[in-house]
Each structure stands twice: as structure tokens, then as C-alpha cells.
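In: build the 3D model from these lines:
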Amino acid sequence: MTPRAAHTIRLTVNGEAIERAVEPRQLLVDFLREGLELTGTHAGCEHGVCGACTVLFNGKAQRSCLIFAVQAQGAEIVTIEGLAEGARLHPLQAAFREHHGLQCGFCTPGMLITAYDLLQENPRPSEAEVRVAISGVLCRCTGYKQIVDAVLAAAEAMS
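Out: Take a look at the predicted model:
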């Protein structure tokens, strides 16, 4: 088997212009974690089911384990590391901390990015709307109540 030629991609990650050579079959989640050392995006199931790898891809929540890095050419990506402004937590992150919306933390990056996407489209969601929005991110620890409470509190704080 012959090695595949690397492709150079240009994209923006968390506001920073990036240019890197990537292998054609490298997943975006692996590029972010290994190539850029942004380990907040978690690689869970690698089948798009658990949601731990969710990032904002051109402003929309997407599973980064289902996207090849070469498909991100020209894209704008925001990872969990890109939500905070320096040492100041984003209101969602602060609400997760305040309302105990995390335990082991594995799903937390995907939950936060998914909730951020929801609040961009619907700044005042109902509890039912929050539950539907986060239903694609699997959490094995919290039972979701604290996560829902945190998202609703963040929505209130952001309005």
C-alpha cells in the first residue's frame, strides 16, 4: 500500500488562522486533538453517536468525528477552548460550574457546544427545547437535570 499524499488546508480555529498539511483520511477530531493539541474536543464513539466531539463548524454544531480534516478547508471552527475569553468563562461554562452540570466531564465539551448552538438560534428556550437539543449528546453521569438547569440559567444570564 502506498502512502497517500498530504493535503494543505487553511482554516480558522478559535479565531486563529491555521495552515497545516493533513492526511486525506485524518478525521477533524484527530486533527484538532493531535495536530493542534486542542484536547478539549473528546473522541468518544467515533461514529457520530455520543456527541463528545461536537464543534462549531461554520457556526453550526457538527460531530468532528464524521468530518475529514480536508473537508474543513476554508472553514471556521470553534472548539470548547474557543468559548471562553481568556480566563473569563463563557456564561454557559459558568452556569455549568454553578449548577453542577458536569461530573466526569467527558460529554461536557459536546454539551457546551451544542447548548451554545441552541442559544444562538433560540436565546430563550423552554426546558423541553433544551432537552431535545442536548439529546444527541450522551451523558452517563448527571442524569441531565443539572445540564438542563445550567443551560436555562445561561439563557437567562445571556438575555
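
In: may I ask you to confirm that Glu76 is in contact with Gln62?
Out: No: Glu76 is beyond contact range of Gln62, at 11.6 Å (criterion: C-beta atoms under 8 Å). C-beta coordinates here come from the backbone N, C-alpha and C atoms, glycine included.

In: who touches both of those two?
Out: Residues touching both Glu76 and Gln62 (C-beta atoms under 8 Å, 6 or more residues apart in numbering): Leu56.

In: spell out the secondary structure type for the residue most central in space within the chain.
Out: Centroid-nearest residue in the chain, with C-alpha atoms, centre = their mean: Val55, separated by 3.1 Å. At Val55, secondary structure determined by DSSP: H, G, I helix; E, B strand; the rest coil is strand.

In: domain assignment for this protein?
Out: The chain breaks down by automatic domain parsing into domains covering 7-82, 91-158.

In: so where do the helices sit in the chain?
Out: Assigned helices in the chain, in chain order: 28-30, 91-98, 108-121, 127-134, 145-158 (criterion: DSSP state H).

In: can you list contacts of stretch 111-131?
Out: Stretch 111-131 is contacted by residues 51, 54-56, 59-61, 78-80, 83, 90, 92-93, 96, 101-102, 133-134, 136-137, 139, 144, 147-148, 150-152, 154-155, 158-159 when judged by C-beta under 8 Å, 6+ apart.

In: quick check on these: which are buried?
Out: 51, 54-56, 61, 78-80, 83, 90, 92-93, 96, 101-102, 133-134, 137, 139, 144, 147-148, 150-152, 154-155 (16 or more other C-beta atoms under 10 Å).

In: of the helices of the chain, flag the one that's most buried.
Out: Burial of the helices of the chain is given as mean neighbour count (mean count of other C-beta atoms under 10 Å); helix 28-30 ranks first at a mean of 24.

In: sorry, back to before: distance to Phe68 and mean pLDDT added to the helices of the chain, as JSON lines?
Out: As requested, the helices of the chain are arranged in JSON lines below (distance: least, C-beta to C-beta, whole Å; pLDDT from 0 to 100):
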{"stretch": "helix 28-30", "distance to Phe68": "7", "mean pLDDT": "98"}
{"stretch": "helix 91-98", "distance to Phe68": "28", "mean pLDDT": "96"}
{"stretch": "helix 108-121", "distance to Phe68": "19", "mean pLDDT": "97"}
{"stretch": "helix 127-134", "distance to Phe68": "26", "mean pLDDT": "97"}
{"stretch": "helix 145-158", "distance to Phe68": "30", "mean pLDDT": "97"}
